[in-house]
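**Q** Test case, fold it:
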Amino acid sequence: MTATPRLSLVVPVYNVATYLPRCLESLAALTPPADEIVVVDDGSTDECPAILAAWAHKLPQMRVIRQENGGLSAARNTGLDHARGRWLAFVDSDDFVSAGAYGRLMEMAETDDLDMALMNAQYHYEGRQPDAPIYPDVPASPVISGAQWLKERLAQGRLLHMVWMHLYRRSFIEEHGLRFVPRLIHEDVIWTTRALLLAQRVRYDPRPGYHYRIPVRRFTPEQNARRLCAIIDSSVVNACTLAEIAEREVADPELKRLLRHHLVDGGFSVFHKARRLPMPLRRHCYRRLRSDGYFGLLWRHAAGLRQRRRIARNYLVSFLP
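**A** Below you'll find the model as predicted:
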């Protein structure tokens, strides 16, 4: 029987030919090497398949699974279904990783018997400005629960829900049946919240080990409208799901309060996106938000007068021509 790999990386790929070679270079340079790299080509129509084929001899531990385009969540779920390592991490194929990042995390995770090992990351601005750490002033943590880490980050107002900032014990993922919601944008929000609430033992390393690319993106007006509508739909789902989590899965009153404040504060992004839609899409979006009870959801979970004023103001704006 083949020995269980120590580290599996799940790498979704979709039309990122410009950035994919840099990502693969960083994976080839990892020390120690990843034992298994599960690449899910989510129906790429550019040069990604050719690039992956060219890299096959440099990354012999890489397996490429091709599927029809189903979105990032579906690609990650496929990777989870095929990964076999004791430890698992996600890498987005337009980003790259420092050589020693996962070695440090695995050592920490195995020494402290963690469910999740957390690391810092850097925003990579492609030379337009200096790269910067995501958490510039958060110190290393002792072993704590994921709920405690979540509470501390929410209290500070600094939480990035990105799954690639974590190393997971794969048995922890499977024990709790963690999977991503298909076709959801910003799918990391629900996953990360649930994973942290379930994790009994986590620890944070403040050294940035992951480099999150911030590219300049240009869209036609039609593409931008479709993109905004998709973000709005997903943000509404995230807000509703966070409300359910706060009510049903959180016993700590302070953490419940912080989660509710967080979901309302994040929920305001829907209105910012709606205001950027062209007419009549904007009017249609506002009508749907009213009829689906989105304003009521935010009102019920608002933490105080300031948030309620913002909700009321946006509700009135939704009727303007």
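**Q** For Ala117, which three-state class applies?
**A** Of the three states, Ala117 takes strand under DSSP: H, G, I helix; E, B strand; the rest coil.
**Q** mind checking how far it is from Gly177?
**A** For Ala117, the distance to Gly177 equals 21 Å [C-beta to C-beta, to the nearest Å]. Placement of C-beta: from N, CA and C, glycine included.
**Q** More neighbours: which of those two?
**A** Of the pair Ala117 and Gly177, Ala117 is the one with more neighbours under other C-beta atoms under 10 Å, namely 27 against 6.
**Q** OK, contacts around that one?
**A** Contacts for Ala117 (C-beta atoms under 8 Å, 6 or more residues apart in numbering) come out as Leu105, Met106, Met108, Ala109, His166, Leu167, Val202, Arg203, Asp205.
**Q** Run through who's touching stretch 237-256.
**A** Against stretch 237-256 from outside (C-beta under 8 Å, 6+ apart): 147, 150-151, 154, 181, 184, 186, 189-190, 193-194, 197, 259-260, 262-264, 266-267, 270, 294, 297-298, 300-301.
**Q** Now it: buried residues?
**A** Going by neighbour count (16 or more other C-beta atoms under 10 Å), the buried part of stretch 237-256 is Val237, Asn238, Ala239, Cys240, Thr241, Leu242, Ala243, Ile245, Ala246, Val250, Leu255, Lys256.
**Q** All the strands of this protein, in order from the start?
**A** Using DSSP state E, the strands assigned to the chain run over residues 7-13, 36-41, 62-66, 87-90, 96-97, 116-124, 132-133, 166-169, 202-213.
**Q** Which one of these lies nearest to Pro321?
**A** Each of the strands of the chain has some distance to Pro321 by C-beta to C-beta; the shortest is strand 116-124, at 38.6 Å.
**Q** neighbouring strands for the closest one, and are they parallel or not?
**A** Strand 116-124 sits in its sheet next to strand 132-133 (antiparallel), strand 166-169 (antiparallel), strand 202-213 (parallel), going by DSSP bridges.
**Q** CA atoms only: put that strand into PDB for me.
**A** Extracted in PDB, the C-alpha atoms of strand 116-124 (Å, rounded to 0.1, in the frame of the first residue of the first chain):
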ATOM      1  CA  MET A 116      -5.100  24.300  11.700                       C
ATOM      2  CA  ALA A 117      -1.800  26.100  11.500                       C
ATOM      3  CA  LEU A 118      -2.300  29.800  10.500                       C
ATOM      4  CA  MET A 119       0.200  32.000   8.700                       C
ATOM      5  CA  ASN A 120       0.600  35.600   7.600                       C
ATOM      6  CA  ALA A 121       0.600  36.500   4.000                       C
ATOM      7  CA  GLN A 122       1.600  39.500   1.800                       C
ATOM      8  CA  TYR A 123      -0.400  41.500  -0.700                       C
ATOM      9  CA  HIS A 124       1.600  41.400  -3.900                       C
END
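**Q** Around Gly146, how many other residues sit close by?
**A** 23.
**Q** residues in contact with it?
**A** Shown in contact with Gly146 (C-beta under 8 Å, 6+ apart): Asp115, Met116, Ala195, Leu196, Leu197, Leu198, Ala199, Gln200, Val202.
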